[in-house]
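In: only geometry, no sequence info:
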Ligand code: MD3
Ligand code: FE
C-alpha cells in the first residue's frame with residue numbers, strides 16, 4: 001500500500017538497490033494474475049521438499065528452468081515430471097527495465113538475459129531461512145519483485161548466516177536488484193505481516209516474490225527441441 005510516508009530508494013550494499021513502489025498498481029495486478037495462472041501448472045505451485053525430508057513453508061513455481069535444492073532441471077522430477085512453463089520474453093524485458101531503473105545505466109541492462117523465474121508464495125506463516133543462491137552458473141544480477149503483503153527481508157553478508165545483516169521492509173510493488181558483490185550474500189525472509197496489502201495489488205492475502213535470474217545453463221528450448229528432433233525425426237511426428 002502506498003503509505004503516508006514515501007520510502008526513499010536505497011543502496012543497501014554495493015550492487016544491492018531497493019526501489020520502493022516501482023511497479024504501478026496495474027502492473028502488480030497483471031503480474032499477480034499471471035502468477036495465479038503459472039501456479040496451476042504444468043508444474044503446480046507446491047512446497048519444495050528439501051534433501052533432509054523437510055518441506056519449505058514457502059510455496060514455489062518456476063518458469064524456464066525448474067529449481068530444486070540444489071540444482072536446476074528442465075523437468076520437475078521432484079513434482080510431476082512435467083516440463084516447466086516457458087520463460088516469456090516480456091518478463092525478460094521487465095528484467096532489463098528493472099536493471100535500468102536500479103543502476104541508471106544502459107550497459108548492464110543491454111546484456112541482461114534472464115532465463116528463469118522463481119515465484120514464491122508466502123501465507124502469513126511462511127518464512128525463508130538465511131541462504132545463498134548459488135545454483136546459477138552466472139554472476140548476473142537477480143531481480144526481485146514483491147506483490148501483496150509486506151515482509152521483513154534480511155540482507156546479510158557473503159561470509160555466514162549471521163550478523164552483520166540489514167533488515168528491510170519489502171512492500172507491494174517494490175523492486176530489489178542484487179548484483180555485483182551482493183549477488184552471493186546470505187538473505188532470508190524472517191517475517192510476513194498478514195493482511196497488509198492494499199486491494200489495488202490484486203492479492204486477496206499473502207505475498208508473492210518473483211525473482212528473475214540468468215542460470216548460465218544455455219537456452220532450454222534450444223536443447224529441448226534439438227533432443228526432441230534427434231529422438232523423434234520430423235517424418236515420425
Ligand atoms: C539476494 N527469495 O527466491 S527476495 C529466493 O522474498 C529468495 O522470496 C526471497 O531468497 C523471497 O531465493 C527473497 C530477495 C532476493 C532474492 C534472490 C537473491 C535476494 C537475493 C539472490 C541473491 C542475493
Ligand atoms: Fe534466495
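Out: Arrived safely. All values reported here derive from a predicted model rather than from experimental measurement. Ligands and ions are numbered 1, 2, ... in the order given.
In: Find the nearest non-adjacent residue to residue 219, please.
Out: Leaving aside its chain neighbours, residue 219 sits nearest to residue 115 (7.1 Å; criterion: C-beta to C-beta, 6 or more residues apart in numbering). Heads up, the C-betas are built off the backbone N, CA and C, glycines and all.
In: That neighbour and ligand 1: what is the separation?
Out: Using C-beta to the nearest ligand atom, to the nearest Å, one gets 15 Å for the distance from residue 115 to ligand 1.
In: Can you give me the neighbour number for that residue?
Out: 26 (other C-beta atoms under 10 Å).
In: cool, residue 42 as well?
Out: Counted with other C-beta under 10 Å, residue 42 comes out at 15.
In: now residue 133
Out: 17.
In: now residue 184
Out: For residue 184, using other C-beta under 10 Å, the count is 14.
In: show me the contacts for it.
Out: 132, 133, 134, 158 (C-beta atoms under 8 Å, 6 or more residues apart in numbering).
In: Could you report the separation of it from residue 160?
Out: Distance, residue 184 to residue 160, using C-beta to C-beta, to the nearest Å: 12 Å.
In: now what about stretch 63-79, what contacts it?
Out: 38, 43-44, 46, 48-51, 60, 62, 81-88, 91, 115-119, 134-136, 215, 217, 220, 223-224.
In: Could you list the buried residues of it?
Out: 63, 64, 65, 66, 67, 68, 72, 73, 74, 75, 76, 79 (16 or more other C-beta atoms under 10 Å).
In: Direction included, what does whichever strand or helix holds the fifth one pair against?
Out: Here residue 67 is covered by strand 66-68, with elements defined by DSSP states H and E. Strand pairing for strand 66-68, determined by DSSP bridges: strand 71-73 (antiparallel).
In: For the residue nearest to residue 219, give me phi and psi.
Out: Here is the backbone geometry of residue 115 (degrees, to the nearest 10): phi -130, psi 0.
In: near ligand 1, anything from stretch 131-144?
Out: Yes - Stretch 131-144 is in contact with ligand 1 by C-beta under 6 Å from any ligand atom, via 133, 142, 144.
In: Which ones among these map onto strands?
Out: 142, 144 (DSSP state E).
In: Just the closest of the residues of stretch 131-144 next to ligand 1 to residue 111, please.
Out: Among these, residue 142 lies closest to residue 111 (C-beta to C-beta), at 15.2 Å.
In: List the contacts of that closest one.
Out: By C-beta under 8 Å, 6+ apart, the neighbours of residue 142 are 133, 177, 178, 179, 183, 211, 212, 213.
In: what pairs with the last one across the strands?
Out: The partner list for residue 213 in beta bridges (DSSP bridges) reads residue 116.
In: Also the third one?
Out: Following DSSP bridges, residue 178 is listed with bridge partners residue 16, residue 142.
In: Please look at it and residue 141 and confirm they touch.
Out: Yes - under the criterion of C-beta atoms under 8 Å, residue 178 makes contact with residue 141 at 5.9 Å.
In: Find residues that contact each of those two.
Out: Common contact partners of residue 178 and residue 141 (C-beta under 8 Å, 6+ apart): residue 15.
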